[in-house]
Every structure is written in C-alpha cells, then in structure tokens.
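Asks: let's see this in three dimensions:
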Amino acid sequence: MTFSIAALGDALRAELGLEKYKKINAPGAICFEKQNSETSVELIFSYYHMVDGYSFRTGVSGRKSFSEIENILAKYYKKYHISRDLGTIHKSSAKINFESPFFDYQITSEVTLKEVKPMLMEWVYGDVLPFLDRYQNIEDVYREMESMPLLERNYFIRDPMPVRSLIMKGLLKTDDFLEYGDFLEKVFSENKDKPYYKYEIKYFNELYQELKNIQ
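Replies: Numbers count the residues shown, from 1 in each chain. Modelled structure (predicted):
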C-alpha cells in the first residue's frame, strides 16, 4: 500500500478545501474538526482497507457540538470515567450504491483521489455541511427535534438522545422540563439493572438537580 493514511488525510484536506479544519486520525476514519467557543463541527471519512488502497464506500458523516450542552455532559463523563464521544447532532451522507463504479474503487494516490473528488465534494458541501449549518444554536436544534416523530430523533440527536433533550429543555427553560425530567428519572430508576442505561444512571440525578438549579 503506497498511500499512507497520513498522506491520504493531507490530500483530502487539500483537495476538498478543508485547510481551516484540524486533521484528526481515528480508528478506521480520518476526521477534520473546526471549532470556536460555541460550536465544533467534525467531518468523518470512514474508510475501508482495500487490496491496494482505501475506499470511502460508506460515505461521509458529520457532527456538530454545542458547548452549552456538551460541556455539561463532559463534566459527568470525566467524573464517572465514561468513554463516550461528544457531539450534539449528526448527519450521514448517502453511501455508494453497490452498482456504482466507485463501490470497489481504490484510492491509491492523489491521482486516484481526484477521480472520486466530485462525489466527495457533493457529500461534504452538498449534503453534510449544509445540513449542519442549518442549526446555529440550541434553539434551532430544539425546534427541529420537537418537530420530529420520537423514533426519528435518534437519527438527529446523538446518543444519549433523552439526556441531551433534557439538557436542552433545562437550558431553554421549557414548560415541560420538569415533567420530562421526572419521566426520565422514573425510567432510569425502574431500569437501573438494564445495561443500556448503565452510564446515565451514574450521573442522572446530579445532572437533573443541576438543571433544576438554573430554572
């Protein structure tokens, strides 16, 4: 394999105009992050190792973090040694269709990367970034979330969706904050032995009280 991951990441940044983003290497992905004091935007290029190169057949995903929400969660994650990524909302681009000539296309050099550049540009600038740019603050996120059927919210708000929903309700001081908080408190209490809730149970009561204190 002549094209290293480091070289691929550098070429991606140059070809796609991501110079303002910081490159981050992660297991199975090349990530680019741009942040300010209020938000952080991350683009994630998950790749497959092929015989001679790499494939981005699963598309590109992105996430946007709002510090008002994520700083609260980060504090409890650190306190209780919870290894979970931060990020408020997320979006995945279309994937490469099985019938596409690019499905098994191998990126082995800057030359072959240019062949798939139009597709990558469309994913990034025609799909993922415009979607994330729609949401400039937590009010925008909350309005969109509330307009969705419950089951669709998990595709928009990152897990744990109910906890992030409660944090938004608390920060925005919505009328149903206490009702929703009491509902989650009951759910976690009644399911404290379920592995799915093992992280939330550790910090939920402290978090809920913190949010109550700002009402």
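
Asks: count the neighbours of residue 61 for me.
Replies: Per other C-beta atoms under 10 Å, the neighbour tally for residue 61 reads 18. Every residue, glycine included, has its C-beta placed from N, CA and C.

Asks: equivalent analysis for residue 91, please.
Replies: Around residue 91 there are 19 residues (other C-beta under 10 Å).

Asks: show me what it bridges to in the sheet.
Replies: Beta-bridge pairing of residue 91 under DSSP bridges involves residue 62.

Asks: pLDDT below threshold where in this protein?
Replies: Per-residue confidence for the chain (pLDDT under 70) gives these ranges: 1-2, 95-103.

Asks: show me the domain layout of the protein.
Replies: 5-65+86-133, 138-213 (automatic domain parsing).

Asks: can you list those in TSV and add distance to residue 76?
Replies: Shown next, in TSV, are these (distance: least, C-beta to C-beta, whole Å):
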stretch	distance to residue 76
domain 5-65+86-133	11
domain 138-213	4
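
Asks: among those domains, which is nearest residue 72?
Replies: Smallest distance to residue 72 across the domains of the chain (C-beta to C-beta): 5.7 Å, for domain 138-213.

Asks: quick check: the residue nearest to residue 28 when sequence neighbours are not counted vs residue 59, distance?
Replies: Closest residue to residue 28 apart from its sequence neighbours, by C-beta to C-beta, 6 or more residues apart in numbering: residue 46 at 5.9 Å. Residue 46 sits 8 Å away from residue 59, taking C-beta to C-beta, to the nearest Å as the criterion.

Asks: now residue 190
Replies: Using C-beta to C-beta, we find residue 190 at a distance of 38 Å from residue 59.

Asks: and the strand or helix carrying residue 45, which strands flank it?
Replies: Applying DSSP states H and E as the criterion places residue 45 in strand 39-46. Its sheet considered, strand 39-46 pairs with strand 29-35 (antiparallel), strand 60-66 (antiparallel) by DSSP bridges.
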